[in-house]
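> Compute the structure for the input listed below.
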Amino acid sequence: MDDDPYAFCYQIEKDAAAAFDKAGLAAFEKQIHRRFEAASADPSAWTYRRGAEILRAIYVAQRNIQAYIALVQQTELKPEDCLAVAKLFVPRETNEALAWAERGRALDRNSQFRSTAAYDLDKLHRELLSKLGRADEALEAAWADFRKHPSKLTYDDLMQFVPKTERAAWHEKALNAASGADLHSLLELFIETKETERLADLVRGSADETLENVSHYATEPAAKRLEKNHPGLAARLWRAQGMRIVDAKKSKYYDAALSNFERARDCYQRAGLATEWEKTVRRVCCIALPEDRLHRRISGLGRRRETQRTAFVLRAREDAMGGASAERCSLKTAKRHDPGLPDGRGKERTDETALPINLATPLELIVLSVKQTAARCRVRGSAHIVTLRTGRLWEVVPGEIVVVQPRKQWSYARNPYLSGEIESRRLDVQALGLAPLKVEDRGKWDPAEHYWGEEGEQIEDWAKPIIAWGPRAEFEMEQVLPGADAEDPFSDPIIESNDRKDSGDIEGANKILMDLCQNDLRCLDAHAHLGNIFFDHWPKLAIRHYEVGVRIGELSLGENLDGLLPWGWMDNRPFLRCMNGFGLCLWRLSRFEEAERILNVCCG
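Below is the predicted model of the structure:
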């Protein structure tokens, strides 16, 4: 508690006081009081002020009112102290509790800023008035607070003290008095009170720019409330949420923005306002940067038919991924029609589909994907695909070569299987037989034209060598993304994997990425995001995913490439993600010299 520069122990005294029994709490109080008295020579010292805070928590746990009052008289009386003393008095002396609550409210009003206890003091004050039979005063206090700060919270507090027979009148009176509140508070208030028509009038009278300045915590529930009877107004709210993200250039949340825009499109179409949707598309296309590809994705929304509604969020996207998986069946041993086969599917077949494998000698397999109980592999030096069943598969990553001592070979549903023990593994991308990714020349990059900060600002030390290097060629590396549909902006398997990962479905995210690797090991983004899955907790495993992506990307660079792969070119990002993750893992594993070398390359 004394050495806590990062505030990990902030207000830990409250938890500590609650954990002690009576004897332990007395011993704790005695020790802290001794330190507090020792520091009393300098009331401005941190040890003195900290000791006073700990003693406050102890006296509250002990319910020692007199000691608490004596302490605040010795130090400083704050609204939070009045709240604490009032709560201690509540069970036995309601009048004394009310006096302390009023004293705290007076202190709060006389300060420049409201204290953290202000709301609780006001609430306790009204409850004590009602308990003492002064219900009219409690209602008047709640009404004064509502008029000062109209919101759904103060509305709830007000209606708590309104007699049941008068609630309808007070409801109308409160909503009329709230007309001067800010837009955020009014939206929440009308939603809370189910005043849909008032909500519609409020949105109708607000400019688009004003709606865009309101948090989605208010506009999203308002849009949902208006969708049924006022689709045109709901569309404006969904559009405002999307534009709020786009205008701020928060590319991390572009998926959420597109979801908002899709709901806006649907509402505009229901309201017969297709031209408003077209204006929205044009505005987004003018604002979005080309490298973000947002203009293409929102234009894709505009081309989708009305029947293709928001179903892309869950089931339709899963169906699309299932279709892509079906297309990837070419990776498996071909299932051709054979009239001589028995009708019963799933039965063990004969060895007509078995691979020519010598069970007496080790076999080299290229790992294409790893599932829970099996790994899909290609026999090195051939096009034969086999499913390997063995133990410790979590130690294997796609792109590595494993040496297996075979134990048994069989076929099931015309797919060849192999069991055995993994004797060793290695990374040798030259032996994978992959065609290097294409690298396109994108012209010259001139550091003199690059933004290095505001005029007059000092150039960072890390940037000086890059500037001194002068103009250099810049390139863009080919990106391979199996299963993506160029006509459908929502068919990106990487986005689907990230959605699953963010929702907690790690297994589903991992399966999508493994399918991409199985389809084409040159899908560098799959290797990067597999590394991201394990980065936080298993850097030793994450680094191997990243390194596979780095080494496959390096096949395209050769030894004499003199130029840059800028982040601004979108298709460079999978390779750069692999390099960045590789460097960070090296650093986490204390391989600092290697990490410095890799990260320096990333920086140009």
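> His171 contacts Glu192, correct?
No: look at His171 against Glu192 with CB atoms under 8 Å: they stay out of range, at 11.3 Å. Quick note: C-beta positions are derived from backbone N, CA and C, even for glycine.
> all helices for the stretch 201-350 of the chain, in order.
208-212, 216-226, 231-247, 254-270, 274-287, 294-303, 315-327 (DSSP state H, counting those that start in this stretch).
> repeat for the stretch 501-604 of the chain
Using DSSP H, counting those that start in this stretch, helices in the stretch 501-604 of the chain cover 506-519, 524-535, 539-554, 573-588, 592-602.
> now for the fourth one, which elements pack on it?
Where contact means 3 or more CB pairs under 8 Å, 6 or more residues apart in numbering; DSSP states H and E, helix 573-588 is packed against helix 524-535, helix 539-554, helix 592-602.
> What residues sit buried inside that helix?
573-587 (16 or more other CB atoms under 10 Å).
> Repeat that for the first one.
Going by neighbour count (16+ other CB under 10 Å), the buried part of helix 506-519 is 508-519.
> same check, this time on stretch 34-54
Across stretch 34-54, burial judged by 16+ other CB under 10 Å covers 35-36, 39, 48, 50-52, 54.
> can you tell me the average pLDDT over that stretch?
Here stretch 34-54 scores 87 as its mean pLDDT.
> which residues sit against that stretch?
Contact with stretch 34-54 is made by 1, 13, 32-33, 55, 71, 75, as judged by CB atoms under 8 Å, 6 or more residues apart in numbering.
> Adding neighbour count, distance to Asp492 and secondary structure, write the residues you listed out as JSON lines.
As requested, the contacts of stretch 34-54 are exported to JSON lines (neighbours: other CB atoms under 10 Å; distance: CB to CB, whole Å; DSSP: H, G, I helix; E, B strand; the rest coil):
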{"residue": "Met1", "neighbour count": "11", "distance to Asp492": "49", "secondary structure": "coil"}
{"residue": "Glu13", "neighbour count": "21", "distance to Asp492": "50", "secondary structure": "helix"}
{"residue": "Ile32", "neighbour count": "20", "distance to Asp492": "58", "secondary structure": "helix"}
{"residue": "His33", "neighbour count": "16", "distance to Asp492": "63", "secondary structure": "helix"}
{"residue": "Leu55", "neighbour count": "24", "distance to Asp492": "58", "secondary structure": "helix"}
{"residue": "Leu71", "neighbour count": "21", "distance to Asp492": "61", "secondary structure": "helix"}
{"residue": "Thr75", "neighbour count": "19", "distance to Asp492": "60", "secondary structure": "coil"}
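> mind giving me the domain ranges of this structure?
Domain ranges of the chain: 12-147, 185-313, 347-426, 439-602, per automatic domain parsing.
> just to revisit the earlier point, return the member of the buried residues of helix 573-588 nearest to Arg244.
Closest approach between those and Arg244, by CB to CB: Arg573, at 25.1 Å.
> Could I get the pLDDT score of the closest one?
Reading off the model, Arg573 has pLDDT 91.
> Could you do Ala324 as well?
pLDDT for Ala324: 40.
> do the same with Asp292
57.
> Could you do the one 10 residues further on as well?
We note a pLDDT of 52 for Gly302 in this prediction.
> Determine the number of other residues adjacent to Asp428.
For Asp428, the count of nearby residues is 13 (other CB atoms under 10 Å).
> Double-check it against Gly399; I have them as touching.
No: the criterion here is CB under 8 Å, and Asp428 misses it with Gly399 at 9.6 Å.
> any weak-confidence spans in the stretch 201-350 of the chain?
For the stretch 201-350 of the chain, applying pLDDT under 70 flags the ranges 288-350.
> low-scoring stretches of the stretch 351-500 of the chain, by residue?
In the stretch 351-500 of the chain, residues with pLDDT under 70: 351-355, 451-453, 485-491.
> Show me where it has its strands.
363-370, 375-379, 385-389, 401-412, 415-426, 439-445, 472-477 (DSSP state E, counting those that start in this stretch).
> mind putting those in JSON lines, mean neighbour count included?
Below are the strands of the stretch 351-500 of the chain laid out as JSON lines (neighbours: other CB atoms under 10 Å):
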{"stretch": "strand 363-370", "mean neighbour count": "22"}
{"stretch": "strand 375-379", "mean neighbour count": "22"}
{"stretch": "strand 385-389", "mean neighbour count": "20"}
{"stretch": "strand 401-412", "mean neighbour count": "17"}
{"stretch": "strand 415-426", "mean neighbour count": "16"}
{"stretch": "strand 439-445", "mean neighbour count": "14"}
{"stretch": "strand 472-477", "mean neighbour count": "18"}
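> want to throw these into TSV with distance to Arg225?
Formatted as TSV, the strands of the stretch 351-500 of the chain follow (distance: least, CB to CB, whole Å):
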stretch	distance to Arg225
strand 363-370	46
strand 375-379	49
strand 385-389	52
strand 401-412	54
strand 415-426	53
strand 439-445	49
strand 472-477	46
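> what would the helices of the stretch 501-604 of the chain look like in JSON lines with distance to Leu432?
Putting the helices of the stretch 501-604 of the chain into JSON lines (distance: least, CB to CB, whole Å) gives the following:
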{"stretch": "helix 506-519", "distance to Leu432": "12"}
{"stretch": "helix 524-535", "distance to Leu432": "13"}
{"stretch": "helix 539-554", "distance to Leu432": "8"}
{"stretch": "helix 573-588", "distance to Leu432": "16"}
{"stretch": "helix 592-602", "distance to Leu432": "21"}
